[in-house]
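Novice: here is a sequence with its predicted model. Questions after.
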Amino acid sequence: MRSHKTLLNVGIVLVVLACIVTLLGLLGTVGGMIHSFEVVAESDTPQPSQLARGISRAMFATLAGMVGGAVLGVLGLIFLVVGAIGLGRTRKQPHEYPEIDDRQ
């Protein structure tokens with residue numbers, strides 16, 4: 001029974017980490033776009049390569065956040081489901097408690 005609770009706890013931690021990783025990816029996306037807008041603001045005619053650097057950073061951060069969040073989220077869900085199923089199987093049913101059995 002203790003191992004099932006441990007699985008549930010690990011699942012919760014993984015799901016929380018999935019949320020954090022996704023938000024960090026979003027933060028990187030915003031940072032990359034800010035860099036691109038700064039290039040546009042500082043130059044009358046920005047070069048495509050200058051813009052591409054910021055956009056590339058933004059897209060890479062988005063990809064990393066999405067992939068990391070998805071992997072951690074799926075792993076967390078697996079741990080939660082396995083832990084919950086195992087915990088449900090180890091609990092006693094009402095008829096297994098002789099002191100409260102109404103069928104006597």
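Specialist: Sure, I can see it. Numbering: from 1, shown residues only.

Novice: which intervals of this protein have sub-threshold pLDDT?
Specialist: 1, 90-104 (pLDDT under 70).

Novice: show me where it has its strands.
Specialist: Using DSSP state E, the chain contains no strands.

Novice: which residue is nearest the middle of it?
Specialist: Geometric centre of the chain, nearest residue: residue 18, 1.5 Å, by Cα atoms, centre = their mean.

Novice: OK, contacts around it?
Specialist: Listed by Cβ atoms under 8 Å, 6 or more residues apart in numbering, the contact set of residue 18 reads 68-73, 76. Every residue, glycine included, has its C-beta placed from N, CA and C.

Novice: then residue 25?
Specialist: By Cβ under 8 Å, 6+ apart, the contact list for residue 25 reads 61-66, 68-69.

Novice: not counting sequence-adjacent ones, nearest residue to it?
Specialist: residue 65 (1.3 Å; Cβ to Cβ, 6 or more residues apart in numbering).

Novice: isn't the one you found right up against residue 20?
Specialist: No: if you go by Cβ atoms under 8 Å, residue 65 and residue 20 don't touch, sitting 9.7 Å apart.

Novice: neighbour-wise, which of the two wins?
Specialist: residue 65 (21 against 14; other Cβ atoms under 10 Å).

Novice: ok, now how distant is that one from residue 47?
Specialist: Residue 65 sits 28 Å away from residue 47, going by Cβ to Cβ, to the nearest Å.

Novice: likewise for residue 24?
Specialist: 29 Å.

Novice: who has more neighbours, the two?
Specialist: residue 24 (15 against 10).

Novice: give the contact list for residue 35.
Specialist: Contacts of residue 35 by Cβ under 8 Å, 6+ apart are 53-54, 57-58.

Novice: what about residue 44, how many residues nearby?
Specialist: Count around residue 44 with other Cβ under 10 Å applied: 5.

Novice: with residue 89 instead?
Specialist: Other residues close to residue 89 by other Cβ under 10 Å number 9.

Novice: mind checking how far it is from residue 52?
Specialist: Residue 89 is 55 Å from residue 52, by Cβ to Cβ.

Novice: may I have the phi/psi pair for residue 47?
Specialist: Backbone dihedrals for residue 47, given as degrees, to the nearest 10, come out at phi -80, psi 140.
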